[in-house]
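K.L.:
Predicted model, plus sequence, below.
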Amino acid sequence: MWFRLVRALAALALAQVGDTAAENLSAGLDKEVPQGTLVQQYWHPTIKAAVALQRKDPKQAIASVEDVLIAKLRWAKMSGSERQLQDAAGIVSTQADNLDVSYVEGRVRKLSLDKQWDAVRDKG
């Protein structure tokens, strides 16, 4: 566990100085850890954002509304939190005209979030 944290911190440091090894280190961590872990939920996106900022691509450093929605669904699945589902339903209702539903549903299927997605759509 600590070894992964050290690798994540090293990847972040490398990303912040523009070293391309950060991407390989982060991708390796992303593949070896289970979904829903701190590495998946926090470190990997943070490293990707740092790489994007070094490349002068700030749009890639900010999570899309679809990815925030998926994160809410994942947290709801892991925690059983009704609050996460309420937040997700709020995103859907306020962003309905802008939401890339096909992207969301593809991620929902891939991550087995069907139950949570159905609950959010039922709230709308």
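P.N.:
Cool, the structure landed.
K.L.:
Name the spans of this structure whose pLDDT lies under the cut-off.
P.N.:
Scanning the chain for pLDDT under 70 picks out the ranges 1, 36, 124.
K.L.:
What ranges does it have for its helices?
P.N.:
Taking DSSP state H to define them, one finds helices in the chain at 2-16, 21-32, 38, 44-54, 65-79, 82-94, 101-110, 114-123.
K.L.:
what distance separates the shortest one from the centre of its chain?
P.N.:
When distances are taken as C-alpha atoms, centre = their mean, to the nearest Å, helix 38 is centred 11 Å away from the chain's centroid.
K.L.:
swap in the fifth one?
P.N.:
Relative to its chain's centre, helix 65-79 lies at 8 Å (C-alpha atoms, centre = their mean).
K.L.:
Let me have the helices of the chain in JSON lines, adding mean neighbour count as columns.
P.N.:
Just so you know, the C-beta spots here come from the backbone N, C-alpha and C atoms, and that holds for glycine as well. Formatted as JSON lines, those follow (neighbours: other C-beta atoms under 10 Å):
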{"stretch": "helix 2-16", "mean neighbour count": "16"}
{"stretch": "helix 21-32", "mean neighbour count": "15"}
{"stretch": "helix 38", "mean neighbour count": "13"}
{"stretch": "helix 44-54", "mean neighbour count": "19"}
{"stretch": "helix 65-79", "mean neighbour count": "19"}
{"stretch": "helix 82-94", "mean neighbour count": "17"}
{"stretch": "helix 101-110", "mean neighbour count": "14"}
{"stretch": "helix 114-123", "mean neighbour count": "16"}
